[in-house]
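> the following block contains a protein sequence and its predicted model.
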2 protein chains.
Amino acid sequence: MLVVDDEPPIVEVIAMALKYQGFEVATAATGKEALQQVDRIKPHLMVLDVGLPDLEGFDVAERLGVAADRVPIIFLTARDATEDKLRGLEAGDDYVTKPFSLEELVARIRAVLRRSLDEQTSAVLRFDDLELDEETHEVTRAGAAIELTATEFRLLRYLLSNPRRVLTRQQILDEVWEYDFGGDARVLETYISYLRKKLDAHGPSLITTVRGVGYALRAPKA
Amino acid sequence: MLVVDDEPPIVEVIAMALKYQGFEVATAATGKEALQQVDRIKPHLMVLDVGLPDLEGFDVAERLGVAADRVPIIFLTARDATEDKLRGLEAGDDYVTKPFSLEELVARIRAVLRRSLDEQTSAVLRFDDLELDEETHEVTRAGAAIELTATEFRLLRYLLSNPRRVLTRQQILDEVWEYDFGGDARVLETYISYLRKKLDAHGPSLITTVRGVGYALRAPKA
DNA sequence: GTCGTTCCTGAGGGTTCTCTGAGCGACGGC
DNA sequence: GCCGTCGCTCAGAGAACCCTCAGGAACGAC
């Protein structure tokens, strides 16, 4: 996994998140450096900022060629750069707009890897009778469809990708909200409340509060 | 293990706690000194105060580079420094806010080491028929789930990480409560009592009182 | 621009946890 | 066996924590 951005804090926060997920991570600050690294370590995937000092991110992509076996790239791009999205996006690539949530980025990475690894892993996260499809964004509980908003979906996806494990409030805020979110931590409680209301309409409670620590998905004690 | 802080009492209390856990500990009071020490002794982990007189803690981290093989760091930071959290946090790092409990710090250290040692050690602490999972916060005795409050959990985790060893009241207070806890030492007795009540409901007594000294986990004399 | 949805903030209230105090019991020295 | 000290347990006050509801701001669709 290669992370390329000229802002050290961004590189660091991404590298940390990915390492925590168990990926091996290398970094680069410039386009030139990135090309060298690709040559040297042959990463399976690359997270690439569009706005680099020397080469534009897309130029980096171009230099790597359009071959089907070129390393998949996830572009980081500013929110308003709509037209940019089209350029450089090859089959197997994807993009994320800044500022992004780490949870979102990791989800995209998994999706891209899944595609390039030929459907080895499923796109459906499961826990008890709850299912979440990362590709179609469909969520069902005991077969019944559940409508979630974007934030609710990210939150549930993060919980589902760490089943049974207690996630601290801080972890959840760092991952699910934008990485520089400075707001009130009570948003989280509000959204947990929303999720519970929607999920628990179809069965026993799945989200457990661990007082003083955070939240966890727990199988209902039947 | 390298401990860096400009306040000698803090350094001492941490260094002592870590030594007691069996780590080799070196110390430094300034950023400059810290960098020298890192060079000299190549620590496996570093506990680093953010507010140092000469260099900011994060600057120290920066000087060490962002290489994947840089020493993992646990930052000590004031409680309200929310935005600081992102700066400097690399893969494998973590942070603890002051004032902290030593027990918490040691738990974080173990978690960080576990990650950097590639899952060599498990997150489950065991003693006799008692199990405590640090990730899910689940505690079972002879297979039966036991609900613990946050403080009970920290206390039991500390006991379990030092099985059979007698821990003095002072040690336990320092570790499980905040390191400068000034309150009444009888809290501890109360919590030992709570723990015993919950644990011994499923089997013979595991926590032994060592009169005049402290407490220890002991296998029940069958 | 208007409308509808989504996201975040704020406040109130209920629940649970933590710590304190006091009485009782247990242990050990003599 | 007696007495002093140390430890155990219970109950309760205060605080911390968390949940929920309501409303306003921001965003996007038409």
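Perfect, I can see it now. Everything numeric here is computed off the predicted structure, so don't read it as measured data. Numbers count the residues shown, from 1 in each chain, chains lettered A, B, ... in the order given.
> what about the one residue in chain A that gets nearest to chain B, which SS state?
Proximity to chain B, evaluated over chain A using Cβ to the nearest Cβ, is greatest for residue A:19 at 3.1 Å. C-beta here means a position set from N, CA and C on the backbone, and glycine is covered the same way. Of the three states, residue A:19 takes helix according to DSSP: H, G, I helix; E, B strand; the rest coil.
> that one and DNA strand C, how far apart?
26 Å (Cβ to the nearest atom of the strand, to the nearest Å).
> what are the ranges of the strands in chain A?
A:2-4, A:26-28, A:46-49, A:73-78, A:94-98, A:124-127, A:130-133, A:139-141, A:144-146, A:167-168, A:207-210, A:214-217 (DSSP state E).
> one step back: now do the residue of chain A closest to chain B, the pLDDT please.
We have a pLDDT of 77 for residue A:19.
> how deep is it tucked in, by neighbour count?
The local packing of residue A:19 (other Cβ atoms under 10 Å in any protein chain shown) involves 19 other residues.
> right, and it touches residue A:25 too?
Yes: assessed by Cβ atoms under 8 Å, residue A:19 is found in contact with residue A:25 at 5.2 Å.
> what about chain A, any weak spots by pLDDT?
Scanning chain A for pLDDT under 70 picks out A:55-57, A:65-69, A:78-92, A:116-122, A:179-183, A:221-222.
> for it, what spans make up the helices?
In chain A, the segments counted as helices under DSSP state H are A:8-20, A:31-41, A:57-63, A:102-116, A:150-160, A:169-176, A:186-199.
> wait, which of those is closest to DNA strand D?
Evaluated with Cβ to the nearest atom of the strand, these place helix A:186-199 nearest to DNA strand D, the distance being 3.5 Å.
> does that closest one reach chain B?
No: applying Cβ under 8 Å from any Cβ of the partner chain, one finds helix A:186-199 separated from chain B by no less than 13.8 Å.
> quick one: buried residues of that helix?
A:188, A:191, A:192, A:195, A:198, A:199 (16 or more other Cβ atoms under 10 Å in any protein chain shown).
> need the residues of chain A near chain B, please.
Looking at chain B, the residues of chain A close enough under Cβ under 8 Å from any Cβ are A:8-9, A:11-13, A:15-16, A:18-20, A:24-27, A:164-166, A:170, A:174, A:179-180, A:182, A:210-213, A:216, A:221.
> for residue A:145, list the residues it contacts.
By Cβ atoms under 8 Å, 6 or more residues apart in numbering or on different chains, residue A:145 lies in contact with A:138, A:139.
> ok, residue A:59 touching residue A:31?
Yes: Residue A:59 lies in contact with residue A:31 (Cβ under 8 Å); the separation is 6.6 Å.
> comparing the two, which residue is more hemmed in?
Shown here are residue A:59 and residue A:31; by other Cβ under 10 Å, residue A:31 has more neighbours (23 against 14).
> how far away is the more buried one from DNA strand C?
The gap separating residue A:31 from DNA strand C is 32 Å, by Cβ to the nearest atom of the strand.
> wait, doesn't that residue sit right on residue A:4?
Yes: taking contacts as Cβ under 8 Å, residue A:31 lies within contact range of residue A:4: 7.5 Å.
> circling back to that earlier point, the buried residues of helix A:186-199 also near DNA strand D: which ones?
Checking these against DNA strand D by Cβ under 7 Å from any atom of the strand, the ones in range are residue A:192.
> distance to residue A:159 added to the buried residues of helix A:186-199, as a markdown table?
Converted to a markdown table, the buried residues of helix A:186-199 look like this (distance: Cβ to Cβ, whole Å):
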| residue | distance to residue A:159 |
| --- | --- |
| A:188 | 11 |
| A:191 | 11 |
| A:192 | 9 |
| A:195 | 8 |
| A:198 | 13 |
| A:199 | 10 |
